[in-house]
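Visitor: heads up, no residue letters with this:
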Ligand SMILES: NC(=O)c1ccc[n+]([C@@H]2O[C@H](COP(=O)([O-])OP(=O)(O)OC[C@H]3O[C@@H](n4cnc5c(N)ncnc54)[C@H](O)[C@@H]3O)[C@@H](O)[C@H]2O)c1
Ligand SMILES: [Zn+2]
């Protein structure tokens, strides 16, 4: 897999920083919410061709894919045009998918605008569209050539976006970057200081199994089996759903004796340090049939009736184990009774 070049900038890049020769040689896809920031609005003027996007899960659909392709057909796009995305994870996943499929592939640059996308989704090359009720059911591997981490852009976010990032940040801490979990502070400064550690943790895994062939990359799904269920049923943000999914995984790992009590308590203290709108005791109040249906659609399914679940052994040490969906459902019921 092509290695992305990661550049950290105080502000937003000039076209020359992106190796774009003229304003007609690129198309910018932007989250239209970013127009609220005057500096982004001004910067967008450096591009001749612009496509506004409505961020969120409804963007990652075949309908909006075809709607945006139609809009693009009105533009004089040449074969060697660079596609630039500026936005959060939904925009990055969507534009990555367009760039990888439009005329069999265009040069791609990501400028992540949420902490979650800066720390996680812009890296590793996964693009994705949701299909029916399943997240990222359609997708490609297509890493951006350049990823720009802009301090000004990232610090312009509201506090909820900081909370969102900690799902993925704590995930990577649990997988292979324990230093991040030593004394985490739920702040933008902490995220900025620890960006390279978190990103480095992800690349350590991606480099071992870039196309998810050997299964090693699957550990990055820690917290996501139940996280996706919570995201689809409670309509919470991806980041917060992952945090809740990590709470489920920690409890399950402790219940099966994989995680010692002292370590379990430490992990809970860390996970519960993020203020969430949806509390864990509410999260399992969903009908069993609904959970079961979503688990059956899960793309991490290893066989008809099992999923590859990621368990925590201790901070910095996780492992994959197939679990029968019926056992996972029993664990859901057990945790529901306990809450
Ligand atoms: N490809 C991957 O490897 C990968 C990894 C993790 C998550 N994801 C995907 O990423 C998505 C979640 O990412 P996200 O939370 O960034 O999603 P998002 O793009 O939906 O952004 C969340 C919200 O923040 C707003 N926003 C974006 N930038 C902002 C800014 N600078 N200031 C204020 N508001 C801003 C958006 O308009 C949106 O309302 C999910 O679709 C998830 O599946 C992909
Ligand atoms: Zn995720």
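Guide: Nice, I can see it. No experiment lies behind these values; they were computed from the predicted model shown. Ligands and ions are numbered 1, 2, ... in the order given.
Visitor: quick one: name the residues of the protein near ligand 1.
Guide: Counting by Cβ under 6 Å from any ligand atom, the residues of the chain close to ligand 1 are 31, 33-34, 55-57, 60, 87-91, 93, 113-114, 116-117, 120-121, 124, 126, 128, 135-136, 153, 156-158, 161, 164, 237-239. Yep, even glycine has a C-beta here, placed from its N, CA and C like the rest.
Visitor: show me which of the residues you listed are buried.
Guide: 31, 33-34, 55, 57, 60, 87-91, 93, 113-114, 116-117, 120-121, 124, 126, 128, 135-136, 153, 156-157, 161, 164, 237-239 (16 or more other Cβ atoms under 10 Å).
Visitor: so of the residues you listed, which ones are in strands?
Guide: With strands taken from DSSP state E, the overlap with these comprises 31, 87, 135, 136.
Visitor: per-residue confidence for residue 300?
Guide: Looking at residue 300, its pLDDT stands at 65.
Visitor: ok, residue 125 next?
Guide: 98.
Visitor: taking the stretch 201-339 of the chain, what residue is nearest to ligand 1?
Guide: Among the residues of the stretch 201-339 of the chain, residue 238 lies closest to ligand 1, at 3.8 Å counting by Cβ to the nearest ligand atom.
Visitor: kindly report the same for the stretch 1-150 of the chain.
Guide: Closest to ligand 1 within the stretch 1-150 of the chain is residue 89: 2.1 Å, counting by Cβ to the nearest ligand atom.
Visitor: find the nearest non-adjacent residue to that residue, please.
Guide: If the residues on either side of it in the chain are set aside, residue 89 comes closest to residue 121, at 3.6 Å by Cβ to Cβ, 6 or more residues apart in numbering.
Visitor: spatially nearest residue to residue 191, not counting backbone neighbours?
Guide: Residue 191 sits nearest to residue 115 (Cβ to Cβ, 6+ apart), 5.1 Å away.
Visitor: can you give me the neighbour number for the one you found?
Guide: Counted with other Cβ atoms under 10 Å, residues neighbouring residue 115 total 26.
Visitor: gap between it and residue 131?
Guide: From residue 115 across to residue 131, the span is 27 Å (Cβ to Cβ, to the nearest Å).
Visitor: just give the number of residues close to the closest residue to residue 125 other than its chain neighbours.
Guide: Excluding the flanking residues, the one nearest residue 125 by Cβ to Cβ, 6+ apart is residue 143, at 3.5 Å. Residue 143 is flanked by 21 other residues according to other Cβ under 10 Å.
Visitor: output the below-cut-off pLDDT ranges for the protein.
Guide: Counting by pLDDT under 70, the chain has low-confidence residues at 299-302.
Visitor: kindly list the longest helix within this structure.
Guide: Across the chain, the longest stretch assigned as helix under DSSP state H is helix 188-208.
Visitor: which is the next helix or strand following that one?
Guide: Going down the chain from helix 188-208, the next helix or strand is helix 224-234, by DSSP states H and E.
Visitor: helices and strands around that following helix, which ones?
Guide: strand 134-138, helix 238-255, helix 288-297, strand 306-314 (3 or more Cβ pairs under 8 Å, 6 or more residues apart in numbering; DSSP states H and E).
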